[in-house]
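*Asks:* heads up, no residue letters with this:
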Ligand SMILES: [Ca+2]
Ligand SMILES: [Ca+2]
C-alpha cells in the first residue's frame, strides 16, 4: 500500500515539463469572460478580461481585478488559477515574471502586497511577493525562483520541480486596517524565464550637443551643473572653465589631486537633463588634452572615461588608453555605442546624465599621490546624416536628413572617385536640407562631410 504514493510522485516527476528559456504560464488570452471564469476564480473580487496590455506584451488581453477592500485587518483577495495540464519543473535560478498595472487607491492600504503563490503536487506551497504598484502604468515583476518563501500555513516549501498550480493573493489591508477603498489592477504574462524581463520605454530624441562648455557664464555656473565624484575620498578634483578652447571660447579644465595608492580617479557628473537617446548609429566625439607630467607613472590604469546614465543610475562607459591622457596636444576621440561597456542593461534610449572622469593609474599600494590637469571640450553625440534622392516637379533633388542645426557641412561630389570636389556648403538651420542636383550629368556620387 505504501508504494502507491511513492509511485505517484515518480510518475508525476516523469511527466513534468521543464520550463524552457521562456515558458508562458498564463497570458489571459481567453476568447471570452466565460472561458476565463472556467479557469480562474476569485474570492470577493470581480474578474474580467481587459484589452489593456503592456506595450511590449505579445497578447491582446489581460486579467482585470476589481476589488473593494473594507477596513478589515488583513483583508485579502485570493484568485485561484487552473491546475496546470502537466506539472512544471522550475529551476532555482529561473525567474517568475509577471506584468502588473496598479492603482493609486492602494495608498489607502495599511499593507498592500501582491503574492504569487505556487503549489506543488504534494500540496506544499510558497510565495513571492512585492508591494502592489500605486501607479497605473504597466510594470514588470521578476522573482528569482529560489527566493520563494514559505507561508506560515504551508508544511514545507514546495518542490519547484513539480509545480501544479498558481494563485494570486492580493493583500489590501494590514492590521490595523487603513481607509476602505475600491481598487482595480491588471495582471498579465505570468512566465517562467531564464533571465529577468527588462523593458524600457520608447527612446527619446537624441541630444546632438552634450556639452561644449560655452553656456556657463563663470565657474560658479559650471559647478551649478556638475558635481564632483572622486575615489578614494582623498582624491580632490577642481573643475573650472578654461580659455582658449578648441571649440568656441571655453573648455572644461579638471585639476585632479590623485590620492596615493591604487586606481585613484576624479570626475564631474552632470545634473540630470531631459532624457535623450544614444542611437545605435550615433558617434560620441569629444576633445581631450592630457597632462604630460603623468607620463612617468602612466600604466594600464591611466585612462579617461566618459559615461552616460539612465534614470535608474545605470551607466555605460567608454574608456581610452593612456596616450591622450598624457598628451600635451588636443586629441579628438570618437566612440560608437558598441564601444561603450556596462555591467548591466542600460536604457540607452533614455539617458539623463553623463560623467567625465580621469583615472590616474593602476599603480600599487605604494604609489604616491600626484596631481594632473586635463582639458575637455565639445562633447557631441552625432547621428550621421542620411542622403537620398527624390524627384520634385520633374527635377532631381538631393535630400539630407539627420543634420545638426547650426552645423556647416560640405557636400562633396565625384563622377569617378578619382577626385572629390565641393558641390555646395550646407549651413544647416534644421535637421533637413535639400539641394537641386544639376541637370545633364549622367552619374555622380555625393557625400556630406563635416569639415
Ligand atoms: Ca495577455
Ligand atoms: Ca567649447
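*Replies:* Received, thanks. Computed from a predicted structure; not experimentally measured. Numbers count the residues shown, from 1 in each chain. Ligands and ions are numbered 1, 2, ... in the order given.

*Asks:* list the buried ones in stretch 351-368?
*Replies:* 351-363, 367 (16 or more other CB atoms under 10 Å). Every C-beta, even on glycine, is put in place using the N, C-alpha and C of the backbone.

*Asks:* I meant stretch 392-399, not that one.
*Replies:* Within stretch 392-399, the residues scored as buried using 16+ other CB under 10 Å are residue 398.

*Asks:* just stretch 234-250 next, same as before
*Replies:* Within stretch 234-250, the residues that count as buried by 16+ other CB under 10 Å are 235, 237-242, 245-247, 250.

*Asks:* and those residues, which two are furthest apart?
*Replies:* Spatial extent of those (CB to CB) is set by the pair 235 and 247 at 27.9 Å.

*Asks:* if we can go back for a sec, need the buried residues of stretch 234-250 in CSV (columns: pLDDT and secondary structure).
*Replies:* Shown next, in CSV, are these (pLDDT from 0 to 100; DSSP: H, G, I helix; E, B strand; the rest coil):
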residue, pLDDT, secondary structure
235, 98, coil
237, 98, strand
238, 98, strand
239, 98, strand
240, 98, strand
241, 98, strand
242, 98, strand
245, 97, coil
246, 97, coil
247, 96, coil
250, 98, coil
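
*Asks:* quick one: residues in contact with whichever strand or helix holds residue 390.
*Replies:* Using DSSP states H and E, residue 390 sits within strand 386-392. Here strand 386-392 makes contact (CB atoms under 8 Å, 6 or more residues apart in numbering) with 396-402, 437, 446-448.

*Asks:* ok, now with 10 Å
*Replies:* By CB atoms under 10 Å, 6 or more residues apart in numbering, the residues outside strand 386-392 that reach it are 281, 396-403, 411, 432, 434-437, 446-448.

*Asks:* which element is the closest residue to ligand 2 within the stretch 301-450 of the chain on?
*Replies:* Nearest residue of the stretch 301-450 of the chain to ligand 2: residue 377, at 4.4 Å (CB to the ion). For residue 377, the host element (DSSP H and E) is strand 370-382.

*Asks:* same for that strand, what does it pack against?
*Replies:* strand 209-211, strand 236-242, strand 251-258, strand 265-270, strand 283-289, strand 303-310, strand 330-336, strand 351-359 (3 or more CB pairs under 10 Å, 6 or more residues apart in numbering; DSSP states H and E).

*Asks:* close to ligand 1: what parts of the protein are there?
*Replies:* Contact residues, the chain versus ligand 1 (CB under 5 Å from the ion): 27-28, 59, 61, 188.

*Asks:* most neighbours of all the residues you listed, which one?
*Replies:* Per-residue neighbour counts (other CB atoms under 10 Å) across those peak at residue 188, which has 25 neighbours.

*Asks:* number of nearby residues for the closest residue to residue 221 other than its chain neighbours?
*Replies:* Ranked by CB to CB, 6 or more residues apart in numbering and with sequence neighbours excluded, the top spatial neighbour of residue 221 is residue 215, at 8.0 Å. By other CB under 10 Å, the residues close to residue 215 number 12.

*Asks:* close enough to count as contact, residue 215 and residue 224?
*Replies:* No: when contacts are counted by CB atoms under 10 Å, residue 215 is not listed as touching residue 224 (11.1 Å).

*Asks:* on that earlier part again, which ones among the buried residues of stretch 234-250 also lie next to ligand 2?
*Replies:* Filtering the buried residues of stretch 234-250 for neighbours of ligand 2 using CB under 5 Å from the ion leaves 245, 247, 250.

*Asks:* which one of these sits closest to residue 80?
*Replies:* residue 247 (65.3 Å).

*Asks:* since that was my last question, I'll sign off now.
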